[in-house]
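Trainee: here are the coordinates; sequence isn't available:
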């Protein structure tokens, strides 16, 4: 019996989760990564209940929760420190079936990598899709410096600038600049205890969140021309923009080394793709639906993609029907998510004093009316549940008993 082979191009969170999920489903998986190592780009990652449930499907949810910091009570603030909205972590966990957790991105990468055979990941291996293949017909063809690879299934997980996406949909305009640039840092603890927060200013924001090891994951976003960079170093730029904001922001900036600050412009796919598949090739994560970070769902949606894909494309199933079902399941959800993130970015991007005052006043009023109104904005996002396949024995893949 011939083993079905899947090739994943790209080893980000979406690519590695897809590889782990497909391997668990019985596929022979090869991950091709251009970079020389799996050192993750990005300081930390927040995982909402929706992606944790997806990780539960592949047996990683409990490990992630044990290694992560559970985000406690916090909320939204102004640069002066005034609270606009408070969040209740217990209420959120009860509403969405679990907490929001935060961990080092490298920890999640290591966990996903541990679920794959030792030889499954090939770093330092640029790859190009030559032929997407035909479902029910010819295999897909991937070209590397070491030779061509035929595959029953190819997963394009090669990020915002995806070459796989361009090969599948050459007439699509691709991602556009959102108007925002972002910074991400990992900092040591700064002494005084603080609550998780996201602080909105005039066309700028900052977020600070404690990690389980005592460190801090922080991020910032600001309106800026595409490609703009600091005249001296990014630490000086952060001091210039956020140095007079409330605690712990100045202390976090002071604790970070300049060369440890990551800066990236934000691009998003506001013009949706016609589909997430063609032939034997599918797209996951940013390659399929790059979105701004303003919902905190980019990585979460990539994890969802991976588990839904593995659910629909079984090694012995109808591949054409499987990739079409994957695309049909993911396209509407992620398209809505991209649009919602763009809507939030427009709120963050307000710069005029009257508009900012109105925005802040509305946030404060909604919060006073009840935390449930704030949490309701994440209905349909954090309460998502992965599909489950029922087997003859009456169990699902997660081992839970189902009705006959």
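Mentor: Thanks, I have the structure now. Since we're looking at a predicted model, the values are computed, not measured.
Trainee: so where do the helices sit in this structure?
Mentor: With helices called from DSSP state H, the chain shows them at 13-24, 49-57, 61-67, 89-96, 105-114, 163-168, 234-242, 249-255, 286-289, 298-312, 319-348, 353-369, 371-375.
Trainee: quick one: average confidence on the longest one?
Mentor: Throughout helix 319-348, pLDDT has a mean value of 97.
Trainee: Indicate which one of the helices of the chain is closest to residue 199.
Mentor: Counting by C-beta to C-beta, residue 199 lies closest to helix 249-255 out of the helices of the chain; the figure is 7.2 Å. C-betas here are computed from N, CA, C, even on glycine.
Trainee: The longest strand along the chain pairs with which strands?
Mentor: In the chain, assigned by DSSP state E, the strand with the most residues is strand 176-187. Sheet pairing here is set by DSSP bridges, and for strand 176-187 it gives strand 216-223 (antiparallel), strand 262-268 (antiparallel).
Trainee: which residues are in contact with the shortest one?
Mentor: Here strand 262-268 makes contact (C-beta atoms under 8 Å, 6 or more residues apart in numbering) with 41-43, 160, 175-185, 221, 224, 226-227, 229, 234, 290-293, 338, 341-342, 345.
Trainee: Show me which of the residues you listed are buried.
Mentor: Buried members of these, scored by 16 or more other C-beta atoms under 10 Å, are 42-43, 160, 175, 178-185, 221, 224, 234, 290-293, 338, 341-342, 345.
Trainee: quick one: the residue nearest the centre of the chain from residue 35, how far?
Mentor: The residue lying closest to the centre of the chain (C-alpha atoms, centre = their mean) is residue 299, at 0.9 Å. In this view, residue 299 and residue 35 are 18 Å apart by C-beta to C-beta, to the nearest Å.
Trainee: hmm, back to that, want to try JSON lines for the strands paired with strand 176-187, with mean pLDDT as columns?
Mentor: Listed next are these as JSON lines, based on pLDDT from 0 to 100:
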{"stretch": "strand 216-223", "mean pLDDT": "97"}
{"stretch": "strand 262-268", "mean pLDDT": "97"}
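Trainee: Of these, which stretch is the most buried?
Mentor: Across the strands paired with strand 176-187, averaging neighbours per residue (mean count of other C-beta atoms under 10 Å) puts strand 216-223 on top, at a mean of 23.
Trainee: partners of the spatially closest residue to residue 207 that is not a sequence neighbour in the sheet?
Mentor: Among residues not flanking residue 207 along the chain, residue 198 sits closest, at 4.3 Å (C-beta to C-beta, 6 or more residues apart in numbering). Here residue 198 sits in beta bridges with residue 76, residue 207, going by DSSP bridges.
Trainee: ok, residue 198 to residue 221 distance?
Mentor: The gap separating residue 198 from residue 221 is 10 Å, by C-beta to C-beta.
Trainee: Which residues are in contact with each of the two?
Mentor: Both residue 198 and residue 221 are contacted by residue 205, under the criterion C-beta under 8 Å, 6+ apart.
Trainee: Dump the strands paired with strand 176-187 to TSV, plus distance to residue 21.
Mentor: Formatted as TSV, those follow (distance: least, C-beta to C-beta, whole Å):
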stretch	distance to residue 21
strand 216-223	26
strand 262-268	25
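Trainee: Could you tell me how many residues sit around residue 173?
Mentor: Residue 173 sits with 9 neighbouring residues when counted by other C-beta atoms under 10 Å.
Trainee: Ok, residue 306 next?
Mentor: Residues near residue 306, counting by other C-beta under 10 Å, number 31.
Trainee: Start the count at 667 instead of 1 going forward.
Mentor: New numbering, starting at 667: the last item is residue 972.
Trainee: Just to check, it is in contact with residue 690?
Mentor: No: with contacts counted by C-beta atoms under 8 Å, residue 972 stays clear of residue 690, the gap being 10.7 Å.
Trainee: shared neighbours of these two, which are they?
Mentor: Joint contacts of residue 972 and residue 690 (C-beta under 8 Å, 6+ apart) do not exist.
Trainee: can you give me how far stretch 837-857 is from the chain middle?
Mentor: Its chain's C-alpha centre and that of stretch 837-857 lie 12 Å apart, by C-alpha atoms, centre = their mean, to the nearest Å.
Trainee: Can you check the distance spanned by it, start to finish?
Mentor: With C-alpha to C-alpha, to the nearest Å applied, stretch 837-857 spans 53 Å between its terminal residues.
Trainee: ok, back up a step: nearest to residue 937, out of the helices of the chain?
Mentor: Among the helices of the chain, helix 985-1014 sits nearest to residue 937 (C-beta to C-beta), with 9.5 Å.
Trainee: so how far is the closest one off the chain centroid?
Mentor: In terms of C-alpha atoms, centre = their mean, the centre of helix 985-1014 is set 13 Å apart from its chain centre.
Trainee: same question, stretch 1024-1037
Mentor: Computed by C-alpha atoms, centre = their mean, the chain-centroid distance of stretch 1024-1037 equals 28 Å.
Trainee: Give me the buried positions along it.
Mentor: Using 16+ other C-beta under 10 Å as the test for burial, stretch 1024-1037 gives 1025-1026, 1029-1030, 1032-1033, 1037.
Trainee: and what of stretch 812-825?
Mentor: Using 16+ other C-beta under 10 Å as the test for burial, stretch 812-825 gives 815, 817-825.
Trainee: Among those, find me the one that's closest to residue 734.
Mentor: residue 823 (22.7 Å).
Trainee: lowest average confidence, helix or strand, in this structure?
Mentor: Lowest on mean pLDDT, DSSP states H and E among the helices and strands of the chain sits helix 1037-1041, with a mean of 75.
Trainee: and that helix, what does it pack onto?
Mentor: The contact analysis (3 or more C-beta pairs under 8 Å, 6 or more residues apart in numbering; DSSP states H and E) places helix 1037-1041 against strand 749-753, helix 755-762, helix 1019-1035.
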